[in-house]
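Peer 1: Turn this into a structure:
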Amino acid sequence: MIVSIKKWIEKDVNIFSLALFLNCLAVMFMPFSTFRETGGLLRYANGLVLSIMIFAANYRMHKIINYSYFWLILNIFNFK
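Peer 2: I've put the predicted structure just below:
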């Protein structure tokens, strides 16, 4: 969330920073029952990680992109 706000301060406003900010904001205001239920938290985490990966790819943050293989493991848990 802080990274997207820094981009806004630098006058670099685009859809990727907005998506990252809104996903972080949604996680912050989730009900506590979602954190207790593992499946609910995984559904939110999937969208959050996707927005982080798109943001990192747009700004060529190679350190974050190198960890994108872990996101594939997160997707395995969402299939039922």
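Peer 1: Can you pull the poorly scored residue ranges out of this structure?
Peer 2: When residues are selected by pLDDT under 70, those of the chain lie in 78-80.
Peer 1: give me that answer again for 80
Peer 2: Counting by pLDDT under 80, the chain contains low-confidence residues at 34-35, 37-43, 71-80.
Peer 1: Would you check how far apart N46 and N14 are?
Peer 2: With distances defined as C-beta to C-beta, to the nearest Å, the gap from N46 to N14 amounts to 22 Å. (Each C-beta comes from the backbone N, C-alpha and C, glycine too.)
Peer 1: what about the helices in the protein?
Peer 2: Counting by DSSP state H, the segments of the chain that form helices are 2-9, 15-28, 32-36, 38-58, 62-65, 69-76.
Peer 1: Excluding residues flanking it in the chain, which one is nearest the residue positioned nearest the centre of the chain?
Peer 2: The residue at the geometric middle of the chain, judged as the C-alpha nearest the mean C-alpha position with C-alpha atoms, centre = their mean, is L48 (2.4 Å). Excluding its sequence neighbours, the residue lying closest to L48 (C-beta to C-beta, 6 or more residues apart in numbering) is N23, at 4.7 Å.
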